[in-house]
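> Quick one, what's the 3D model for this:
(one chain, ligands or ions: 2)
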Amino acid sequence: MKISVCGKGGCGKSTVITLLGKALVASGKEVLIIDSDESNYGLHRHLGMENPKDFTEYFGGKEKAQNDLMLSKFTHQFIKDRWTIRDIPNGYYTEKDGMKLMVSGKIKQANEGCACTMGTIIKDFVTHLDLTENQFALLDMEAGIEHFGRGIDDAADVVLMVCDPSYESVQLAQKIKELGTALNKPVYYILNKVEDDTKDFLHEAIKDQEAIIAEIPATPDLLRASLKGESLQGNFKQLDGVVQKLTA
Ligand SMILES: Nc1ncnc2c1ncn2[C@@H]1O[C@H](COP(=O)(O)OP(=O)(O)OP(=O)(O)O)[C@@H](O)[C@H]1O
Ligand SMILES: [Mg+2]
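Ligands and ions are numbered 1, 2, ... in the order given. I've put the predicted structure just below:
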């Protein structure tokens, strides 16, 4: 299953991916995490892994890939054959505790151009990736909804929005539901940073209760570890049933 994990900036996408990845591994699943966020660097720290080489480098680097795309009038396909997780070349993934991490690419310099090329590469990759029933690909998306515009979510099986207790998240929840539904993808929610006095508000705002598949409490240890650059520890039992709910 390919899961697009999305939400507003800072809602906890990378945190939830890390915790969900651990829960999946603990239940015997094989996990590929795809860092598709061209701006932020936090995910590999949460996972306690080194970043691999940007996958965009495999196609000659951003400048060459961008030229290939533009010269073809945006019809260039970076990947045409079917891939499995084992086909990801050495150096383009790192591995720890049963999880593999790959990274589409990051914006590194001012004026280097938009991130569309990296988005196209990752869309091609996810579209051509074959997974077994036991394998899960978790895509850490850039904040907001531009990835829907780029069509990356079309390559996923499921859209999973992380929703924190904020007006912006609640607004986005509705929009993401519309965008996911337009792509014929099921849309689920994980509530994050939940506290007693915000829980009811979030449930009322989201309405579609069936689509809320887990709630993660506001946890100071997660915040502290992230600040210090330490890998995230602890098992969040709240995530144990997520796979069954996603596949139900
Ligand atoms: N359940 C939680 N309890 C406390 N703090 C949390 C929780 N989830 C995430 N955080 C904190 O919120 C901040 C943002 O989390 P994270 O980086 O996972 O969000 P993100 O959605 O990936 O952000 P970005 O949009 O920048 O990529 C971090 O400091 C993280 O430690
Ligand atoms: Mg992030």
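> When you work out contacts or count neighbours from here on, use the C-alpha atoms and nothing else.
Fine.
> interface residues of the protein facing ligand 1?
9-15, 40, 42, 143, 192-193, 216-220, 222-223, 226 (C-alpha under 6 Å from any ligand atom).
> Let's see that with 5 Å instead.
Counting by C-alpha under 5 Å from any ligand atom, the positions of the chain adjacent to ligand 1 are 9-15, 143, 193, 218-219, 222-223, 226.
> Now list the buried members of these.
If you count burial by 16 or more other C-alpha atoms under 10 Å, the buried members of the residues of the chain next to ligand 1 come out as C11, G12, K13, S14, T15, A143, K193, L222, S226.
> Just the residues you listed: which are in strands?
For these, membership in strands holds for K193, with DSSP state E as the criterion.
> wait, which of the buried ones among the residues of the chain next to ligand 1 is closest to K106?
A143 (13.9 Å; C-alpha to C-alpha).
> confidence score at the closest one?
If you check A143, the pLDDT there is 88.
> Go ahead and confirm it touches C6.
Yes - in this structure, A143 is within contact of C6 by C-alpha atoms under 8 Å, at 6.6 Å.
> Could you identify the most distant pair in the buried ones among the residues of the chain next to ligand 1?
Farthest pair in those (C-alpha to C-alpha) is A143 and L222. Separation: 19.5 Å.
> just the strands in this structure please.
Per DSSP E, the chain carries strands over the ranges 2-6, 30-36, 94-96, 99-103, 135-141, 158-163, 187-194, 212-217.
> packing partners for the longest one?
Under the contact criterion of 3 or more C-alpha pairs under 8 Å, 6 or more residues apart in numbering; DSSP states H and E, strand 187-194 touches strand 158-163, helix 167-182, strand 212-217.
> Identify, out of the ones you listed, the most deeply packed stretch.
Across the helices and strands packed on strand 187-194, averaging neighbours per residue (mean count of other C-alpha atoms under 10 Å) puts strand 158-163 on top, at a mean of 27.
> Adjacent strands (with direction) for that one?
According to DSSP bridges, strand 158-163 forms sheet pairs with strand 2-6 (parallel), strand 187-194 (parallel).
> Need those strands in a markdown table (columns: mean pLDDT).
Listed next are those as a markdown table, based on pLDDT from 0 to 100:
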| stretch | mean pLDDT |
| --- | --- |
| strand 2-6 | 97 |
| strand 187-194 | 97 |
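> What are the boundaries of the helices in this structure?
Counting by DSSP state H, one finds helices in the chain at the ranges 13-26, 43-47, 62-71, 116-128, 146-150, 167-182, 196-206, 220-228, 242-247.
> so how far is the first one off the chain centroid?
Yep, that's helix 13-26 we're talking about. Remark: helix 13-26 is offset 10 Å from the chain centroid, using C-alpha atoms, centre = their mean, to the nearest Å.
> and the strands paired with strand 158-163 as TSV, adding distance to S169?
Shown next, in TSV, are the strands paired with strand 158-163 (distance: least, C-alpha to C-alpha, whole Å):
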stretch	distance to S169
strand 2-6	11
strand 187-194	10
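> so Q209 touches H203, yeah?
Yes - under the criterion of C-alpha under 8 Å, Q209 makes contact with H203 at 6.9 Å.
> Y58 is nearest to which of the strands of the chain?
Y58 sits nearest to strand 99-103 of all the strands of the chain, at 11.2 Å, using C-alpha to C-alpha.
> now the angle from the closest one to strand 135-141?
Between strand 99-103 and strand 135-141, the angle comes out at 40 degrees (axes from the mean of the first three to the mean of the last three C-alpha atoms, to 10 degrees).
> Run through who's touching strand 99-103.
21-22, 25, 30-36, 44, 51-55, 92-95 (C-alpha atoms under 8 Å, 6 or more residues apart in numbering).
> cool, and stretch 162-176?
5-8, 11-13, 16, 144-145, 161, 187, 189-194, 198-199, 202, 205-206.
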